[in-house]
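Novice: Return a 3D structure for these sequence lines:
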Amino acid sequence: MSNSATNSAEEAIYKKIAEIKDEISKLKQEKAQALEDLNKLKQKKLEKIEKLKGIRSQLDTVRNEFSLRLEELKKLKERKQQLLQEIQGMKKQFDEIKAILQKTQGLDIDAIERRIQSLEWRLQTSSLPLDEEKRIVQKIAELEKKLGEARKMIEIKEKGTVERAEYLAKRIELSTVRQQIAGIVTELSQKRNILNSLKEDREKTKKEIDEINKQIEEIRNKIGNINNQIKEKNNEIENYIKQLKGEKVETTSRPTREEIIEKKKKIAEEKLKSGQRLTFEELLILYGENDKEDGKDSDNIY
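Specialist: Residues are numbered from 1 along each chain as shown. Predicted coordinates for the structure are as follows:
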């Protein structure tokens, strides 16, 4: 191969290597951008994970509060039921007291006692017929019964006054319990809405993390492909460099035209000195001024 052809081939290889290096440079830029995007996604993922941890912590807190308030509501409902039963029992007692009071209405304890004493005195001081005495004894018995009812009425009135105070206190407590129940029911409803909202945020954040993981995987695959392309391009360059080295070895190892002619000329001179017969080509080399003067191409000397 002539020097001009060799140089042309080398130039083509150098040009191709330069083109591949440009492609590698672009690939590296693309890889750098992909790595930057990957780091951003990883940071975003960490932020989402921290957000998810916060949501889960909030869920635990609200759930605990919800459970505590629910237990409190249960106790208040039990107390409400107990108060209703006690109030109902007290109402029944009040009805009984009212009936007794109506029955004993108009009884005068002092007057009854005086009447009993008067009748007893009559029995003790007067001589009465048997029928009259019997009638007075029966009357005294009736009056004593009324006196007992009158005294019982006073006790019932006193007890009723105390029980009515207790009744009013229980009614006030019942009203308070009902208000507390209403407040807790409202609070539980709000906490239930908060729980539902937090659960939605949790699921949304989990989906966002899953989507980020997919994007991260895609970018990692992209970086892997870029690395493979860069590796292939570097292999191409290595092959071209080996090809260049081969061209140079071939060029430097092959003797020049002048060297070949000079060598053959020496051989012909030695043959001439020793009296050996020379070939036509050797005669031309020894005596010819130019190996192309006869119009023949001397490339066959190789």
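Novice: CA atoms for contacts and neighbours, from now on please.
Specialist: Will do.
Novice: what's the distance between residue 59 and residue 141?
Specialist: Here the criterion is Cα to Cα, to the nearest Å. By it, residue 59 lies 78 Å from residue 141.
Novice: ok, these two, which is more surrounded?
Specialist: Using other Cα atoms under 10 Å as the criterion, residue 59 and residue 141 rank with residue 59 on top: 19 against 13.
Novice: ok, the more buried one touching residue 193?
Specialist: No: distance between residue 59 and residue 193: 11.6 Å, which falls outside the contact criterion (Cα atoms under 8 Å).
Novice: Any stretches of the protein with poor pLDDT?
Specialist: Where the chain drops to pLDDT under 70, the residues are 1-7, 96-98, 100-109, 154, 156-162, 247-257, 280, 288-302.
Novice: in it, which spans are helices?
Specialist: Under the criterion DSSP state H, the chain contains helices at 3-103, 109-125, 130-253, 257-273, 280-287.
Novice: The last one - contacts with which helices or strands?
Specialist: Counting contacts by 3 or more Cα pairs under 8 Å, 6 or more residues apart in numbering; DSSP states H and E, the secondary-structure elements packed against helix 280-287 are helix 257-273.
Novice: mind listing what's buried in the helix it packs on?
Specialist: Residues 261, 264, 265, 268, 269 are the ones in helix 257-273 that count as buried (16 or more other Cα atoms under 10 Å).
Novice: And the residues you listed, which is closest to residue 245?
Specialist: residue 261 (27.4 Å; Cα to Cα).
Novice: Report the contact partners of that closest one.
Specialist: Going by Cα atoms under 8 Å, 6 or more residues apart in numbering, residue 261 touches residue 285.
Novice: gap between it and residue 172?
Specialist: 134 Å.
Novice: ditto for residue 155
Specialist: Going from residue 155 to residue 172 by Cα to Cα gives 26 Å.
Novice: for residue 265, same thing?
Specialist: Counting by Cα to Cα, the gap from residue 265 to residue 172 is 139 Å.
Novice: With residue 79 instead?
Specialist: Using Cα to Cα, residue 79 is found at 13 Å from residue 172.
Novice: which of those two has more neighbours?
Specialist: residue 79 (16 against 12).
Novice: got the contact list for the more buried one?
Specialist: Applying Cα under 8 Å, 6+ apart to residue 79 gives the contacts residue 177.
Novice: Nearest residue to the middle of the protein?
Specialist: With distances taken as Cα atoms, centre = their mean, residue 52 lies nearest the centre of the chain, 3.3 Å away.
Novice: Great, nothing more from me.
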